[in-house]
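In: what's the 3D shape of this:
(one chain, ligands or ions: 1)
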Amino acid sequence: MSALRFRGVALEVTPQLEYRCRKSKMALCGVGRPLLQKTHRALGCFSKKKQTFSYKANGFQEEDIRKKLQLFPGGSIELQKQESGIAVMTVNNPARMNAFSGSMMVELEERVCELESWTEGKGLIVQGAAGTFCSGSDLNAVRAISNPQDGMKMCMFMQTTLTRLLRLPLISVALVEGKALGGGAELTTACDFRLMTSDAVIQFVHKHMGLVPGWGGAARLVRIIGSQNALKLLAGAKKVDPNIGKQIGLVDDVLTVDEGSSLVGTERWLSQFTKGSAPVIRAIKKVVLSGKELSLDEALTTERNIFGTVWGGPANLEALELKTKHK
Ligand SMILES: CCCC(=O)SCCNC(=O)CCNC(=O)[C@H](O)C(C)(C)COP(=O)(O)OP(=O)(O)OC[C@H]1O[C@@H](n2cnc3c(N)ncnc32)[C@H](O)[C@@H]1OP(=O)(O)O
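Out: Down below sits the predicted model:
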């Protein structure tokens, strides 16, 4: 499957769409684009135009923010795209418990951009290096940009990036080992699922720092665990261990030691959802996302459009051919 770029945004060209366009002798840019645009627009899918607009509406230029963030280097964001269709993204700054330096924030955006164009992808694991998840913003950078203007820039940049991360057409899971604190806890909420090892802790420590979440973590948390539980976690800066996490619905599963390495265990866990054809898995993520984020009417329209991309497609035809029984 290929991708075409429209105003710098990668759009997925499904085999069905290509086939339909070829059959009707119309170029992709003629027939394909409106359908793709409609679907992607309805999903709020990563329209660079939209993001630029929101940056500008707040008086910021994305490039200025990048330059500012690059002044605070250290660590990296690693990305490994595997043949299996599962990518592993690693927050890597072990000397600072994987805290996010400014350059890591910029790298995170670049990796998300890369994943947006990865049309073969089905799943994503987000983990921290060296057995711990992420301790939030690098406090050295935080101190240096503690004025409201710079804080807003950083917040807007991370909010936009994490929104794009959550909206990737990949089924994503945060593998939480060790600690996920502050912005690290917020990062876990930008994944579809969260798995914890038995000794791990997720803690929205913002209150103790005289802050509230700013990377979109509060908005997402409310949608995951409801406003009552979110209020308790944020106002109490409560430590969430795997038991509490499962009780309140923040955590989907606990990885036990006999599953071998946590990453292998997470890959195994995720593969129950990523087995099968990439276009179908990606379409499933898109219909769920549209159901979650759009009004019912918009979601129904989007669902129809996405349905049209898999109907009569290779996986559908193969299943019909095999006379698949669902026993
Ligand atoms: C909108 C975003 C809001 C935010 O994210 S604000 C940031 C929230 N995070 C924090 O406040 C984390 C503060 N750190 C801690 O509580 C502890 O360091 C932590 C993570 C529990 C680990 O404790 P320990 O295992 O005892 O290890 P440690 O304290 O000796 O840390 C090892 C080295 O890592 C450093 N570190 C940890 N978290 C950091 C951070 N966020 N920014 C910058 N440096 C950080 C820590 O200073 C220490 O460095 P060093 O060895 O003293 O040079």
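In: From now on I want contacts and neighbour counts done on CA atoms only, so please keep to that.
Out: Fine.
In: Whichever strand or helix holds residue 78: what's the following helix or strand?
Out: Assigned by DSSP states H and E, residue 78 belongs to strand 76-81. Scanning forward in sequence from strand 76-81, with DSSP H and E defining helices and strands, the next element found is strand 86-92.
In: what lines up beside that next one in the sheet?
Out: strand 76-81 (antiparallel), strand 123-128 (parallel) (DSSP bridges).
In: Pick the most deeply packed of the ones you listed.
Out: Of all those, strand 123-128 carries the top mean neighbour count, a mean of 26, counting by mean count of other CA atoms under 10 Å.
In: mind checking which of the strands paired with strand 86-92 is nearest the ligand?
Out: Smallest distance to the ligand across the strands paired with strand 86-92 (CA to the nearest ligand atom): 12.3 Å, for strand 123-128.
In: would you put the C-alpha positions of that closest one in PDB?
Out: Presented in PDB, the C-alpha positions along strand 123-128 are these (Å, rounded to 0.1, in the frame of the first residue of the first chain):
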ATOM      1  CA  GLY A 123       0.800  -1.700  16.300                       C
ATOM      2  CA  LEU A 124       3.100   0.500  18.500                       C
ATOM      3  CA  ILE A 125       4.700  -0.100  21.800                       C
ATOM      4  CA  VAL A 126       5.900   2.900  23.800                       C
ATOM      5  CA  GLN A 127       8.500   2.100  26.500                       C
ATOM      6  CA  GLY A 128      11.200   3.700  28.500                       C
END
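In: now that strand: mean pLDDT?
Out: Strand 123-128 shows a mean pLDDT of 98.
In: Next secondary structure after it?
Out: helix 139-144.
In: buried set for that next one?
Out: Neighbour counts over helix 139-144 (16 or more other CA atoms under 10 Å) mark 141, 142 as buried.
In: quick check, distance from that helix to the centre of its chain.
Out: In terms of CA atoms, centre = their mean, to the nearest Å, the centre of helix 139-144 is found 25 Å from the chain centre.
In: Now render the strands paired with strand 86-92 as CSV, adding distance to residue 218.
Out: Output for these, formatted as CSV (distance: least, CA to CA, whole Å):
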stretch, distance to residue 218
strand 76-81, 23
strand 123-128, 19
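In: For residue 264, which of the ones you listed is the nearest?
Out: strand 123-128 (10.7 Å; CA to CA).
In: outside of the closest one, which residues touch it?
Out: With CA atoms under 8 Å, 6 or more residues apart in numbering as the test, strand 123-128 has contacts from 85-92, 98, 133-134, 170-177, 191, 266-267, 270, 274.
In: Could you pull up the mean pLDDT of stretch 160-173?
Out: Average pLDDT, stretch 160-173: 98.
In: which residues touch residue 106?
Out: Residue 106 is in contact with 66, 69, 70, counting by CA under 8 Å, 6+ apart.
In: Return the entry from those with the maximum number of neighbours.
Out: residue 69 (22 neighbours; other CA atoms under 10 Å).
In: Can you tell me the element that one falls in?
Out: Judged by DSSP H and E, residue 69 forms part of helix 62-70.
In: can you give me how far that helix is from the chain middle?
Out: So, by CA atoms, centre = their mean, the centroid of helix 62-70 is 22 Å from its chain's centroid.
In: same for that helix, what does it pack against?
Out: Here helix 62-70 touches helix 102-116, helix 148-166, going by 3 or more CA pairs under 8 Å, 6 or more residues apart in numbering; DSSP states H and E.
In: Is the longest one positioned near the ligand?
Out: No - where contact is defined by CA under 6 Å from any ligand atom, no part of helix 148-166 touches the ligand; the two come within 6.8 Å at best.
In: in that helix, what's buried?
Out: Buried residues in helix 148-166, defined by neighbour count with 16+ other CA under 10 Å: 150, 152-166.
In: Can you tell me which residues in this structure are near the ligand?
Out: Going by CA under 6 Å from any ligand atom, the residues of the chain near the ligand are 95-97, 99, 135-140, 181-183, 206, 213-215.
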